[in-house]
Every structure is written in C-alpha cells, then in structure tokens.
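Student: Task: produce atomic coordinates for the following.
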Amino acid sequence: MLNPISTAGVALVLFAHVSLCQQTSPSDPAQPGVAQGTEDNNPSPHESKRILFIIPNFKTSPTLQNYEPLSTSEKFKLASQDAFDRGTVALAALFGGRGQLANSNRSFGQGVAGYSQYFAASYGDWLIGDFMTEGVFPTLLHQDPRYFRRSTGSGWSRLGYAMGQIFWTHRDSGGTQFNFSEVLGNSTSVAISNAYYADNRTASNAVSSLSVQLGVDMASNILKEFWPDLERKFRRKHRGETTPK
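Tutor: Here you go, the predicted structure:
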C-alpha cells in the first residue's frame, strides 16, 4: 500500500490465488456487471463493508439486477463514508510516511511536525478525491459511483472487467459510458492539491499524482471483485481446520 504498484501487486496476487482455484463458469454474461448471485443461485450474502478489515468497501454492489440509481444525498453519503473511514486515514498515514521518507515536499520539513504536514496533505488528497469522484461529479454528470461486481465468468475476464470499471461506468438512467466522474474527479483533486504542494507544481508531478489515484482505485476494484471468493475460501479452510476428527 506504500505505492500504487505494490497495491496493485497485492490485488493481482490475490486474484491469481482465486482464479487458479476456481472453476470457470460455463456461461459468461453478455452484459458485463450483471451478477446472478452466488454459484449455487442463492441470494448474494450481506456485503462486507471492509476488505481485509481495513479497506473501505461501501460503494460495492454485488449485482446489477433490479438496478435503482442513487439520489444526490446517497452519493454524498457514500463519499462521506469512504472519506472518513479508518481505512482512508490509514492509507493517508502510509502515503504521508512515504512522502516524508522520499522528502518529496521539502517545505514540509522532517520530524513530527513535518510528518503531520505530509499526513494532512495526503489525507486531503484522498478526502477531496472521494468527494469529487463519488459525490460531486457523479451528481453533475448523472453517473453511478458504485462498483458493480461481476462475480461470474473466468478469472481473467473478471480481472479485465474490474480494471475497466475505472474507465467505463453506469449511468443513472441506465446504460454505460466513459467514467468521466473517475477521471475528471481525480484530475480536479490533483489540481486542488497544488494549493498545498508548493514544491510540486509541475505537469509531470500532476500526471504522477493522477496515476497514483487511478492506480489505487483500480487495485481497489480488483480486490472488491474477488474478495467474496477469498472469504469463502478462508471460511472453508477454517471449517476444515476446526472440524473434529
């Protein structure tokens, strides 16, 4: 989680673990994102609000069946849940520490005082990004900020779907279109961050920051797609270890 590459790496390792052990579904839905419930056709289980006990999972939906768009207040509630979650605070703490170790913004300085500025700036990045991508732009552009899990199909098709949701999303009125909320929202967040990153106001730094935001969101989508599979595997393993012989 110290950088987008390592975050994506963790997600891909978990994906590989699941895809190698899962059976490929005989049917691959023509409409991406339309989940049909669990493999035994039972209703989808209650959605966990965190992945690995800390990563926010508030905006994940297990299916597109009986789709209902979110209201403006619901979109901003979703943004607030993500922005003020302990997982977001932990992510900001990690990226703040990374920034201080790299001395990426010299004006912040070092020591406790310096770290507090790195942490505040990092948390500001994620907080603003959450509100822009889940509240402001989805409301203005009538797009749905949720991640709709696919759940069926081969592991590789699900991986491609999860990664593609960064650039393609669902409209409130139905159908899909380019994910302007994700790209423009994070771009706006990066532009606002120039106000407190005095040492990094260059085009290259802006592109790098945008890549970090998109990379972390993409890794998050991969984890959200495969987390139920991992939970089932963990539960089966735990039951197998605790069953009396």
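Student: can you pull the buried residues of the longest helix along the chain?
Tutor: Longest helix in the chain, counting residues (DSSP state H): helix 203-242. By neighbour count on 16 or more other C-beta atoms under 10 Å, the buried set for helix 203-242 is 205-206, 209-210, 212-230. For glycine as for every other residue, the C-beta is placed from the backbone atoms N, C-alpha and C.
Student: And the closest residue to D199 other than its chain neighbours, how close does it get to K49?
Tutor: Leaving out its chain neighbours, the residue that sits closest to D199 by C-beta to C-beta, 6 or more residues apart in numbering is N105, at 4.8 Å. According to C-beta to C-beta, to the nearest Å, N105 and K49 sit 33 Å apart.
Student: So for those two, which residue has more residues nearby?
Tutor: Neighbours around N105 and K49, counted as other C-beta atoms under 10 Å, are more numerous at N105. The numbers are 19 against 13.
Student: how far away is the more buried one from W126?
Tutor: In terms of C-beta to C-beta, N105 sits 16 Å off from W126.
Student: Can you give me the neighbour number for R98?
Tutor: 15.
Student: Kindly report the same for F95.
Tutor: F95, neighbours per other C-beta under 10 Å, totals 23.
Student: Point out the other helices and strands that the strand or helix carrying it packs with.
Tutor: Counting by DSSP states H and E, the element that carries F95 is helix 86-102. With contacts defined as 3 or more C-beta pairs under 8 Å, 6 or more residues apart in numbering; DSSP states H and E, the packing partners of helix 86-102 are strand 55-56, helix 111-131.
Student: helices and strands around the longest one, which ones?
Tutor: With contacts defined as 3+ C-beta pairs under 8 Å, 6+ apart, the secondary structure elements packing on helix 111-131 are helix 72-83, helix 86-102, helix 180-193, helix 203-242.
Student: Figure out which of those is closest to V136.
Tutor: helix 180-193 (6.9 Å; C-beta to C-beta).
Student: any idea of the pLDDT on the spatially most central residue of the chain?
Tutor: Centroid-nearest residue in the chain, with C-alpha atoms, centre = their mean: S220, separated by 3.2 Å. pLDDT recorded at S220 is 91.
Student: Skipping adjacent residues, who's closest to R50 in space?
Tutor: N57 (5.5 Å).
Student: so what's the one you found up against?
Tutor: 47-51, 224, 227 (C-beta atoms under 8 Å, 6 or more residues apart in numbering).
Student: mind running it again at 10 Å?
Tutor: N57 sits next to 47-51, 81-82, 85, 87, 147, 220, 223-224, 227 when contact means C-beta atoms under 10 Å, 6 or more residues apart in numbering.
Student: One more: I128?
Tutor: 83, 136, 185-186, 188-193.
Student: go again using 8 Å as the cut-off
Tutor: Contacts of I128 (C-beta under 8 Å, 6+ apart): 188-189, 192-193.
Student: which of these lies closest to S116?
Tutor: Distances from S116 to those, taken by C-beta to C-beta, are shortest for S193, at 16.9 Å.
Student: Report the separation between the residue lying closest to Y118 once chain neighbours are set aside and G114.
Tutor: Nearest residue to Y118, sequence neighbours excluded (C-beta to C-beta, 6+ apart): G96, at 3.9 Å. Applying C-beta to C-beta, the value for G96 to G114 is 10 Å.
Student: neighbour-wise, which of those two wins?
Tutor: Between G96 and G114, counting by other C-beta under 10 Å, G96 is the more crowded of the two (22 against 18).
Student: residue contacts, the more buried one?
Tutor: By C-beta under 8 Å, 6+ apart, the contact set of G96 is 115, 118-123.
Student: on that earlier part again, surely the residue nearest to the centre of the chain and F58 touch.
Tutor: No: S220 lies out of contact with F58 (C-beta atoms under 8 Å); the separation is 11.4 Å.
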